[in-house]
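Colleague: sequence first, then the predicted structure, then my questions.
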Amino acid sequence: MDLIEILKQDYQRFPDNQTYSVYAQDVYFQDPLNKFRGVEKYKQMIKLIGTWFLNTKMDLHSMNRTGDTIKTEWTLSWNTPLPWKPRISIPGWSELRLNPQGLIVSHIDYWHCSRLDVLKQHLFPLKSS
């Protein structure tokens, strides 16, 4: 199975049963809230998402590979475990860089919204689901 198919399946299952073997041991990860190196820390972050958030869903809109770069467009959504359980939605994209062995050495997530926009969704939910 090729890397694109593996990643597509990981997005469908997110955050459960991710395929960490496609990442280099010293993978660099960055998003608007985190920045670290190492597949073990990446596993811990995914486990935290799976433990803390409710009804987590990663909708993949597109995935394209050009040379050693894979770009994905997605929307991550979940219910935060607050008494009113607001549904949070973050549209964004990822840029994954591959080494010559085909392992992901860099995974950088970008959001199409600000951190403040995400905070506002917790306090002023648009709709409940």
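Modeller: Received the coordinates, thanks. Residues are numbered from 1 along each chain as shown.
Colleague: what sits closest to residue 115 if chain neighbours are left out?
Modeller: Leaving aside its chain neighbours, residue 115 sits nearest to residue 32 (5.7 Å; criterion: C-beta to C-beta, 6 or more residues apart in numbering). Just so you know, the C-beta spots here come from the backbone N, C-alpha and C atoms, and that holds for glycine as well.
Colleague: do a quick rundown of the strands in the chain.
Modeller: 23-30, 35-37, 54-66, 69-79, 87-98, 104-111 (DSSP state E).
Colleague: what's the closest of these to residue 10?
Modeller: strand 54-66 (8.5 Å; C-beta to C-beta).
Colleague: quick one: buried residues of stretch 86-95?
Modeller: For stretch 86-95, the neighbour count (16 or more other C-beta atoms under 10 Å) marks 86-92, 94 as buried.
Colleague: adding pLDDT, write the residues you listed out as a markdown table.
Modeller: Putting the buried residues of stretch 86-95 into a markdown table (pLDDT from 0 to 100) gives the following:
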| residue | pLDDT |
| --- | --- |
| 86 | 95 |
| 87 | 95 |
| 88 | 95 |
| 89 | 96 |
| 90 | 97 |
| 91 | 98 |
| 92 | 98 |
| 94 | 98 |
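Colleague: which of those residues sits closest to residue 105?
Modeller: residue 94 (13.6 Å).
Colleague: related to what we said a few turns ago, select, out of the strands of the chain, the one closest to residue 43.
Modeller: The nearest among those, by C-beta to C-beta, is strand 23-30 at 9.1 Å.
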